[in-house]
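Enquirer: Got a predicted structure plus its sequence, pasted below:
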Amino acid sequence: MGGAVGYMQFLLEETQKRGLPVRFIGVELLSTPRDYPFIPIQKKSDSWQKFLVKLFLRAPFLKFVRGEIVHVFRIAYAFPILLFHRQVKVVCVSAEPLAAAAHRYPHWLFKIIDYLFWHVERFVLKRLKALCTTPDVLSRYFFSRHPALMKTVLVHPSTAVGIDLQQFTVLERIPIREKYNFTPDQKIMLFVGRLAPVKRVDFLLKVFKQLHEKEQVSHFIIVGDGEERERLQRITEKEGIPAVHFWGEVSKTKLPEVYNLADVLVLASETEGNPTVVREALACGLPVVSTAVGDVPEILDNPYCGAVVPSRDVSDFQEAIAKVLALPREKVNSVCRKKAMDFSREALFEELVRLYNS
């Protein structure tokens with residue numbers, strides 16, 4: 001149910017693969033073959049707030065059997081289900097706390113929303129079967145807001161999507177570079193994700209400018225689209241930052257090539273859950289330099305997999321990237337790929353099945 005298309009596609013595809021009974025309540029996922037019952041809440045993807053309102057209107061009329069497991073992506077979506085259907089067992093994913101959205105609202109309005117949401121969280125947490133979240137969000141958000149209640153909640157410390165290790169793998173680099181008109185000796189920095197304020201791609205442009213001026217990095221490829229794209233392009237032009245390539249959305253089939261042509265993936269987000277791009281990059285032998293968000297510090301526990309930058313300083317980030325780029329590429333490929341073996345679709349889905357059966 002709910003948003004996070006990639007997460008829901010992962011669940012649906014793996015349940016179908018195993019012949020498990022499943023139905024989907026939410027928005028049509030066009031890229032997933034539908035061999036399961038589908039109950040539409042709205043016709044196309046929209047804001048989570050609008051989806052929640054429509055779910056509230058529909059929830060009293062949904063039919064569930066006693067003990068049925070309902071896997072939802074946001075605590076807000078669990079609220080109407082548990083309000084009208086006490087007989088179900090809800091597994092809820094909460095990868096991004098409400099506080100991450102504070103900048104989108106006036107201060108006074110956010111205080112009201114936060115107060116109401118505290119009560120929603122409390123209602124849901126009292127009735128959940130399990131909460132899927134990251135250690136970072138768990139300690140920083142849930143334990144600070146609901147310390148007593150969290151002692152009784154079953155927690156699964158992951159919101160990760162499994163990676164197809166056959167699709168995301170190490171490829172021959174030189175032919176790919178030739179295909180995209182890059183030379184073998186150039187150093188390429190890569191960002192993959194939504195172009196939204198929380199991703200801080202404007203910060204990464206400053207980092208790249210410094211690296212480019214020092215001739216440590218030749219190109220910066222930005223894959224993804226979003227509300228920030230035009231502003232970021234204006235910054236690039238105004239600041240005279242050369243060799244920045246806005247590639248927009250790239251299909252899942254072409255993404256492994258993009259990871260393989262780069263030298264480092266960069267992530268400077270204010271908040272994350274279990275970023276899929278980090279796992280995909282490692283599977284392709286690509287190291288990652290990131291802020292300390294979500295479960296990234298636990299993943300990047302080997303210097304050959306990349307680095308976590310605790311500060312938000314441009315020079316610190318630039319220095320971390322330079323150190324990663326200086327490492328021997330063959331060793332980097334090998335260590336990153338080995339680390340990615342922990343994130344296979346099969347392994348992560350089996351963890352969820354054990355959670356369902358607990």
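Expert: Done, it's in. Numbering: from 1, shown residues only.
Enquirer: residues making contact with stretch 143-161?
Expert: Residues external to stretch 143-161 that are found in contact with it (Cβ atoms under 8 Å, 6 or more residues apart in numbering): 6-7, 10, 91, 93-95, 118, 121-122, 125-126, 128-135, 138, 142, 273-274, 276, 279, 295, 343, 348, 351-352, 355, 358. Placement of C-beta: from N, CA and C, glycine included.
Enquirer: Which of the residues you listed fall in strands?
Expert: Using DSSP state E, 91, 93, 130-132 are the members of these that sit in strands.
Enquirer: Quick check: of those residues, which has the highest neighbour count?
Expert: The member of the ones in strands among the contacts of stretch 143-161 surrounded by the most neighbours (other Cβ atoms under 10 Å) is residue 93, with 28 neighbours in all.
Enquirer: And it, how far from residue 322?
Expert: Going from residue 93 to residue 322 by Cβ to Cβ, to the nearest Å gives 36 Å.
Enquirer: And for residue 343?
Expert: Taking Cβ to Cβ as the criterion, residue 343 is separated from residue 322 by 27 Å.
Enquirer: the more surrounded of these two?
Expert: Regarding residue 343 and residue 322, a neighbour count based on other Cβ under 10 Å identifies residue 343 as having more, with 23 against 17.
Enquirer: That one: what's it in contact with?
Expert: Residue 343 touches 160, 162-163, 279, 282-283, counting by Cβ under 8 Å, 6+ apart.
Enquirer: ok so, going back, may I see the ones in strands among the contacts of stretch 143-161 arranged in JSON lines, with distance to residue 17 and pLDDT as well?
Expert: Written out in JSON lines, the entries for these read as follows (distance: Cβ to Cβ, whole Å; pLDDT from 0 to 100):
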{"residue": "91", "distance to residue 17": "19", "pLDDT": "94"}
{"residue": "93", "distance to residue 17": "20", "pLDDT": "87"}
{"residue": "130", "distance to residue 17": "22", "pLDDT": "95"}
{"residue": "131", "distance to residue 17": "26", "pLDDT": "94"}
{"residue": "132", "distance to residue 17": "20", "pLDDT": "91"}
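Enquirer: Using a markdown table, please lay out these together with distance to residue 220.
Expert: Listed next are those as a markdown table, based on distance: Cβ to Cβ, whole Å:
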| residue | distance to residue 220 |
| --- | --- |
| 91 | 39 |
| 93 | 32 |
| 130 | 40 |
| 131 | 37 |
| 132 | 33 |
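Enquirer: What is the nearest of those residues to residue 50?
Expert: Proximity of the ones in strands among the contacts of stretch 143-161 to residue 50 was ranked by Cβ to Cβ; the top entry is residue 93 with 19.4 Å.
Enquirer: who are the neighbours in contact with the residue lying closest to that closest one once chain neighbours are set aside?
Expert: Using Cβ to Cβ, 6 or more residues apart in numbering and skipping the chain neighbours, the partner closest in space to residue 93 is residue 132 (4.5 Å). With Cβ under 8 Å, 6+ apart as the criterion, the residues that contact residue 132 are 91-94, 155-156, 158-159, 355.
Enquirer: Would you mind giving these as TSV with distance to residue 197 added?
Expert: As requested, the contacts of residue 132 are exported to TSV (distance: Cβ to Cβ, whole Å):
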residue	distance to residue 197
91	30
92	26
93	22
94	20
155	29
156	29
158	26
159	21
355	33
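Enquirer: Which among the residues you listed count as buried?
Expert: 91-94, 156, 158-159, 355 (16 or more other Cβ atoms under 10 Å).
Enquirer: And the furthest pair within those residues?
Expert: Distance extremes for those: the farthest pair is 94 and 355 at 14.6 Å, using Cβ to Cβ.
Enquirer: Thanks again, I'm all set now.
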